[in-house]
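[1] what's the 3D shape of this:
(4 chains)
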Number of protein chains: 2
Amino acid sequence: MTAPNGFGAAATHDTFPLPPGRTLDICLNLHSAILEHRLSPGMKLSEDEVGEIYGASRTVVRAALQALAHSGLVNIERNRGAFVSRPSIREAQEVFEARALIEPRVARLAAEVIGAPHIKRLNRHLDAEHAAIDAGDKGKALSLSGAFHIAIADIADQQVFSQMVRSLISRSSLIIALYWKRADATCESHAHHALMKAFSEKDGSAAEEIQKSHIIDLHSGLDLREKKETASSLAQALSRD
Amino acid sequence: MTAPNGFGAAATHDTFPLPPGRTLDICLNLHSAILEHRLSPGMKLSEDEVGEIYGASRTVVRAALQALAHSGLVNIERNRGAFVSRPSIREAQEVFEARALIEPRVARLAAEVIGAPHIKRLNRHLDAEHAAIDAGDKGKALSLSGAFHIAIADIADQQVFSQMVRSLISRSSLIIALYWKRADATCESHAHHALMKAFSEKDGSAAEEIQKSHIIDLHSGLDLREKKETASSLAQALSRD
DNA sequence: TGATGAAAAATTGTATACAATCAAATTTGC
DNA sequence: GCAAATTTGATTGTATACAATTTTTCATCA
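    Coordinates of the predicted model:
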């Protein structure tokens, strides 16, 4: 009890507090779909449509959409409905500035308390990331890359920071979907491996510096000028899983 | 559009995204009540009871409670209902560590862009704060003290940081309700005035340093050992205003 | 008397129905 | 033929009813 976020259940791996019952399933599912870019920014999330897909009533769907709205992944407009968020250029800047402030600190904290099991888990994360890249699944790769950052926050074992990082990572995923300019998404792996080295040496200062550079590098990989327009079918994007 | 948080309307002065319709009223009302310590940590917020007080149906009340849960002010336990959050000692530590990282940066950003109208507004905040202290209204004074910090974040004009600060301030209010040990709440005013000086000189570095010291000082004002038990009537606490 | 168990009451989880609002298509007027 | 106004349709906002779960109460037994 006295949960880190507002809801009773312990935070497992997600940005938003854990709503009751089946709302959670829908949250997680939509969350994954958005992070893996199966749902494009700006896409409409009709309550009826989502409800029919998941076999749930609007009551539950509404709760899920509101939860996602609180996480910044969904934008609810009065009397118009819910849409996948389309972060502005301004918001993109701010999100990465926040990451550049918070994540290095989190990396330092993690390095100071990290243990062998943690390192093992991080390595598994990296392996999965590479596998996705080799398989050419960009969406999955990006999602796993974010999961790596979140795993670090979990190791630091600071719920408040962890929650912030989760939210920022989620929003970053949308931002990257909109503004990423580099062809290769693999540039990240290098920084992630460097982090692993700092972790294995329990070198907090190094981890902090590497993470800071890493975030700045990610930020510089964005093309914050144009806007891409995207919108497609909902049922299709949600069909698998 | 492309709202800073998940909801369409612009964030005015509150922690949570802005839910539609009357849900917002209930959110703001409960939020104020919690921040002014009219609702004690641990107090049960029954859907029926809250709904009857505000003349709204459970549907709306539920949405409000969920929004507050996302802000960390309310704790929802499955099949048991909503309670005013009772931050753990651990959480208290984390919240103030986060504030010590984020708020100094925000203060620096604010100092770099601050203008005469902003300073005027901050001074009004300080006046109101003093008035509340003189009137002996501790709850109101604390609430206004938090509003001062939020006002700084608004001046910095960074929505992402602003959102974080709001959330942290709200939770701090609960933490102070539980763990504050100093008799005087006036100690803050000194730091706030020092900040005003730095702002008027547009000295970002000074503002950052002062704010950092201020947060650490606040943190040290907590007695993070014992737990106070509190619980009383709901309708009574919500009767005024 | 205290603990244990079942029944009853209260509270939340979910579904559905109705009202209000908004978007689009149709009609009407010029 | 084009623009404005109106009607139609679809979607969200809200209330209420029912189901599931928990908490309380109270009777029973060691």
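[2] Any part of the host helix or strand of A:F161 near chain B?
    A:F161 is located in helix A:159-179, with elements delineated by DSSP states H and E. Yes - using C-beta under 8 Å from any C-beta of the partner chain, we find that helix A:159-179 touches chain B at A:Q159, A:V160, A:F161, A:M164, A:L168. Backbone N, C-alpha and C define where each C-beta goes, glycine included.
[3] contacting residues for the closest residue to the third one other than its chain neighbours?
    Meaning A:F161. The shortest distance from A:F161 to any non-neighbouring residue, by C-beta to C-beta, 6 or more residues apart in numbering or on different chains, is to A:V106 (5.2 Å). A:V106 makes contacts with A:I152, A:A153, A:A156, A:Q158, A:F161, A:S162, A:V165, A:Q211, as judged by C-beta atoms under 8 Å, 6 or more residues apart in numbering or on different chains.
[4] Can you lay out the residues you listed as TSV showing distance to DNA strand C, neighbour count and pLDDT?
    Below are these laid out as TSV (distance: C-beta to the nearest atom of the strand, whole Å; neighbours: other C-beta atoms under 10 Å in any protein chain shown; pLDDT from 0 to 100):
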residue	distance to DNA strand C	neighbour count	pLDDT
A:I152	32	26	97
A:A153	27	24	97
A:A156	30	22	97
A:Q158	28	24	96
A:F161	28	22	97
A:S162	24	21	96
A:V165	27	25	97
A:Q211	38	28	97
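[5] right, and the helix or strand after the helix holding A:F161?
    Downstream of helix A:159-179 (by DSSP H and E), the next one is helix A:187-200.
[6] before we move on, the earlier item: show me what the helix holding A:F161 is packed against.
    On a contact count with 3 or more C-beta pairs under 8 Å, 6 or more residues apart in numbering or on different chains; DSSP states H and E, helix A:159-179 meets helix A:23-35, helix A:89-113, helix A:138-156, helix B:89-113, helix B:159-179.
[7] And the most centrally placed residue in chain A, how far from chain B?
    Closest residue to the average C-alpha location of chain A: A:S170 at 2.8 Å, with C-alpha atoms, centre = their mean. For A:S170, the distance to chain B (C-beta to the nearest C-beta, to the nearest Å) stands at 11 Å.
[8] hang on, isn't that residue packed against A:G146?
    Yes - with contact defined as C-beta atoms under 8 Å, A:S170 counts as touching A:G146 (7.5 Å).
[9] intersection of neighbour lists for these two?
    A:L35.
[10] Spatially nearest residue to A:M196 (excluding sequence neighbours)?
    Per C-beta to C-beta, 6+ apart, closest to A:M196 is A:L122, 6.3 Å.
[11] Determine the set of other helices and strands touching the helix or strand where the one you found lies.
    Under the criterion of DSSP H and E, A:L122 resides in helix A:116-134. On a contact count with 3+ C-beta pairs under 8 Å, 6+ apart, helix A:116-134 meets helix A:138-156, helix A:187-200.
[12] How about the longest one and chain B, touching?
    Spelled out, that is helix A:138-156. No - Helix A:138-156 stays clear of chain B (C-beta under 8 Å from any C-beta), getting no nearer than 10.3 Å.
[13] CA atoms only for that helix, dumped as CSV, please.
    Extracted C-alpha coordinates of helix A:138-156, given in CSV (Å, rounded to 0.1, in the frame of the first residue of the first chain):
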residue,chain,number,x,y,z
LYS,A,138,11.9,-0.6,-36.0
GLY,A,139,8.8,-0.1,-33.9
LYS,A,140,9.7,-2.9,-31.5
ALA,A,141,13.3,-1.8,-31.4
LEU,A,142,12.4,1.6,-30.4
SER,A,143,10.0,0.3,-27.8
LEU,A,144,12.8,-1.9,-26.3
SER,A,145,15.2,1.0,-26.4
GLY,A,146,12.8,2.9,-24.2
ALA,A,147,12.4,-0.1,-22.0
PHE,A,148,16.1,0.0,-21.4
HIS,A,149,15.9,3.5,-20.0
ILE,A,150,13.0,2.5,-17.9
ALA,A,151,14.9,-0.5,-16.6
ILE,A,152,17.6,1.8,-15.4
ALA,A,153,15.1,3.9,-13.5
ASP,A,154,13.7,0.7,-11.9
ILE,A,155,17.2,-0.2,-10.7
ALA,A,156,17.7,3.2,-9.2
